[in-house]
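> this one's structure only:
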C-alpha cells in the first residue's frame, strides 16, 4: 500500500496531537510532576485532634487553594498532616493551620492563616501544635442539648402549653396590639438609649438599697402569704358576712337597676361576637403562626436600607393581565364623580362575583376558605354559618336608650331623628335578675 504525501502529513499531525494530549493528561490531570516532587514542597502540621481530616483534603491560603493533604498519620499524642504546597505559594513561617468545614456536615480542609513574619515556609518545615487549631466538634454540643431536653418534664410542659392555649385562644387581635405596642416601646427606648443608660447607672444606689432591705421585703412577702392563706381558710365566713349585709344588697340592687336597660343588649352582642371568634378560632391561630414570619420579612425589607431612608423591595409590573374583575361592583353608570364628596352608604358585601375558576382576583373575597369546611365563600352565609344579630332598634341603628322611658316601660317615645325607642320594661320580683342576665342567652 502506497502512502501518499497527504496521508503522511495526516499521520504526523495525528501523532503530534496524541503526544500533546498524553502530555496534558500526565501533567494537568494525573499531576505526575507533583507526585514526583516537581513544583511543590512539603510542610507538616501537628494537630492534637484531626478528626474528620483525610488525605487529599484541600489546603487554602487567603481563601485560595494552594495545595492538598498528601498524608495523615499518628505522631505521638496527636496526628501529623503532611501538606503538599505549590512552590509559588509564599506562606509566612509563623502561619497558623486551622481546621474548617465547608458546611455543618461538609468535608474539612486546612486554612493557613498568615502571621506577621517576613520569612516563608520551606520544604520540611513543621507547624507545631501551638500554631494549629482543631475544628470544634458538634457531638458534645448535641449530647448536652439532648440532656437538656431530657431534663424538661414532659407532663408539666404539656400542661403549661395547654393552659397557654386556653388562656390565649381567641385573643389574636389583643396579642397583635401588644406586639405593636411593644415594638413602639422598643423603638422609643432605642431612640433614648443614652438617657436609658444613664438611668440604669443612677439606679445602682437604689438597687443596692433594695438589696440591703431584702430581709424586710422577704418578711413582708411571707406575711402577705400568711394573710391570703387565712383569708382563703375563712372564705365561708366572709361570704356569710357579705350575704347578711342589707346595705350592700340595697347598693347591689341599685347597681343592677342602673345597668338593666343596656346590659341585655351588651350580653347579646358579646355572645354573637364570641360565636364568631369561636368559629374563626383556626383563622386566628393561623394569624399568630404567620405573623412572626411576616414581621421578619418586613424587617428584612426595611432594616437594610433604614439608614438611607428607603426600603429594599423587588417590584414587577403587570398591567391588566389577567383582566381586573368588575362583576359584582357598581356599574359605570352608577359610579359617582370624583368631585362628589357627599356621604353615601357603603355596600359592605360588594366583591368579585365571577366563577371561582376565573383567573381574575383569585385572592379575592369569593375564594376565602370557610372555617367549618373545605368550601370557599365570600360571606359567612355562603359557608352555612349564622351568627344571629346584635341588639338594634327598628331603624337598623343601635338603640339610643332613654333610661327613664325604659324603666317606666313607656312606648311611643321617639329618640334622635324620630327613631322609635325599644327596650325591656322594669319587672319586679325575685326572678328579675334571671331574665336580665339569662334572657339574651336564651336560657331564661
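Received, thanks. Everything numeric here is computed off the predicted structure, so don't read it as measured data.

> Residue ranges in the stretch 301-444 of the chain under the pLDDT threshold?
Per-residue confidence for the stretch 301-444 of the chain (pLDDT under 70) gives these ranges: 303-309, 311-314, 388-444.

> The protein: strands as residue ranges?
40-47, 58-61, 64-75, 78-86, 96-101, 108-113, 125-127, 132-133 (DSSP state E).

> Including distance to residue 334, could these go into CSV?
The C-beta positions use only the backbone N, C-alpha and C, and glycine is treated the same way. Listed next are these as CSV, based on distance: least, Cβ to Cβ, whole Å:
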stretch, distance to residue 334
strand 40-47, 82
strand 58-61, 72
strand 64-75, 72
strand 78-86, 81
strand 96-101, 68
strand 108-113, 72
strand 125-127, 85
strand 132-133, 77
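
> so can I have TSV of the ones you listed showing mean pLDDT?
Compiled in TSV, these are given as follows (pLDDT from 0 to 100):
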stretch	mean pLDDT
strand 40-47	90
strand 58-61	92
strand 64-75	89
strand 78-86	90
strand 96-101	90
strand 108-113	92
strand 125-127	92
strand 132-133	91
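
> Let me have the ones you listed in JSON lines, extended by distance to residue 218 and mean neighbour count.
JSON lines is the format used below for the strands of the chain (distance: least, Cβ to Cβ, whole Å; neighbours: other Cβ atoms under 10 Å):
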{"stretch": "strand 40-47", "distance to residue 218": "54", "mean neighbour count": "21"}
{"stretch": "strand 58-61", "distance to residue 218": "60", "mean neighbour count": "19"}
{"stretch": "strand 64-75", "distance to residue 218": "61", "mean neighbour count": "16"}
{"stretch": "strand 78-86", "distance to residue 218": "55", "mean neighbour count": "20"}
{"stretch": "strand 96-101", "distance to residue 218": "52", "mean neighbour count": "18"}
{"stretch": "strand 108-113", "distance to residue 218": "54", "mean neighbour count": "20"}
{"stretch": "strand 125-127", "distance to residue 218": "59", "mean neighbour count": "18"}
{"stretch": "strand 132-133", "distance to residue 218": "49", "mean neighbour count": "18"}
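
> Quick one: closest of those to residue 177.
Closest approach to residue 177 among the strands of the chain is made by strand 96-101 (45.3 Å; Cβ to Cβ).

> Direction included, what does that closest one pair against?
Partners of strand 96-101 in the sheet, by DSSP bridges, are strand 108-113 (antiparallel), strand 132-133 (parallel).

> so which of those comes closest to residue 358?
If we rank those by Cβ to Cβ, the stretch that ends up nearest is strand 108-113, at 56.4 Å.

> picking that back up, between the strands of the chain, which gets nearest to residue 149?
Proximity to residue 149 (Cβ to Cβ) singles out strand 96-101 among the strands of the chain, at 24.8 Å.

> Compute the inter-axis angle for the closest one and strand 40-47.
Interaxial angle, strand 96-101 versus strand 40-47 (axes from the mean of the first three to the mean of the last three Cα atoms, to 10 degrees): 80 degrees.

> and strand 96-101, how far from the chain's centre?
35 Å (Cα atoms, centre = their mean, to the nearest Å).

> now what about stretch 66-79, what contacts it?
Applying Cβ atoms under 8 Å, 6 or more residues apart in numbering, the set of residues contacting stretch 66-79 from outside is 40, 42, 46-50, 53-60, 80-86, 89, 91, 110, 112, 129.

> cutoff 6 Å now
Under the contact criterion Cβ atoms under 6 Å, 6 or more residues apart in numbering, stretch 66-79 has outside partners 46-48, 50, 55-57, 59, 80-86, 89.

> re earlier: nearest to residue 23, of the strands paired with strand 96-101?
Closest to residue 23 of these is strand 108-113 (Cβ to Cβ; 30.0 Å).

> on that earlier part again, now for the strands of the chain, which one comes closest to residue 252?
strand 96-101 (73.3 Å).

> now that closest one and strand 78-86, what's the angle there?
100 degrees.

> ok, residue 377 - contacts?
370, 383.

> can you give me phi and psi for it?
phi -160, psi 160 (degrees, to the nearest 10).

> Can you get me a residue count around residue 116?
6 (other Cβ atoms under 10 Å).

> quick check: domain ranges of this structure?
For the chain, the structural domains run 1-27, 31-135, 190-245, 247-302, going by the TED database.

> Tell me how far stretch 333-348 lies from the chain's centre.
With Cα atoms, centre = their mean, you get 41 Å for stretch 333-348.

> Spatially nearest residue to residue 325, not counting backbone neighbours?
Leaving aside its chain neighbours, residue 325 sits nearest to residue 352 (3.8 Å; criterion: Cβ to Cβ, 6 or more residues apart in numbering).

> Go ahead and confirm that neighbour touches residue 324.
No - using Cβ atoms under 6 Å, residue 352 is not in contact with residue 324; the gap is 8.9 Å.

> surely residue 45 meets residue 127?
Yes - with contact defined as Cβ under 6 Å, residue 45 reaches residue 127; the gap is 4.2 Å.

> overlap in contacts of the two?
Joint contacts of residue 45 and residue 127 (Cβ under 6 Å, 6+ apart) are residue 97.

> Can you report how many residues lie near residue 220?
11.

> Quick check: it vs residue 206, distance?
18 Å (Cβ to Cβ, to the nearest Å).

> Next: residue 248.
Going from residue 248 to residue 206 by Cβ to Cβ gives 42 Å.

> more neighbours, these two?
The neighbour count for residue 248 versus residue 206, taken as other Cβ under 10 Å, is higher for residue 248 (12 against 9).

> How about the more buried one, nearest residue that isn't a chain neighbour?
residue 242 (6.4 Å).

> same deal with residue 102?
That would be residue 109: by Cβ to Cβ, 6+ apart, it lies 7.0 Å from residue 102.

> Give the bridge partners for that neighbour, please.
Going by DSSP bridges, residue 109 forms beta bridges with residue 100.

> Correct me if wrong: it contacts residue 56.
No - between residue 109 and residue 56 there is no contact under Cβ under 6 Å: 10.5 Å.

> Overlap in contacts, those two.
Counting by Cβ under 6 Å, 6+ apart, no residue touches both residue 109 and residue 56.

> ok, longest helix in this protein?
For the chain, the helix that runs over the most residues, judged by DSSP state H, is helix 281-302.

> For that one, name the packing helices and strands.
helix 172-191 (3 or more Cβ pairs under 6 Å, 6 or more residues apart in numbering; DSSP states H and E).

> which parts of the helix it packs on are buried?
residue 172 (16 or more other Cβ atoms under 10 Å).

> Looking at residue 104 now. What's its pLDDT?
We have a pLDDT of 64 for residue 104.

> follow-up on the earlier one: tell me the angle the longest helix of the chain makes with helix 172-191.
Helix 281-302 and helix 172-191 are oriented at 20 degrees to each other (the same axes, to 10 degrees).

> Give me the most central residue, this structure.
The residue lying closest to the centre of the chain (Cα atoms, centre = their mean) is residue 292, at 2.5 Å.

> Cheers, nothing more for now.
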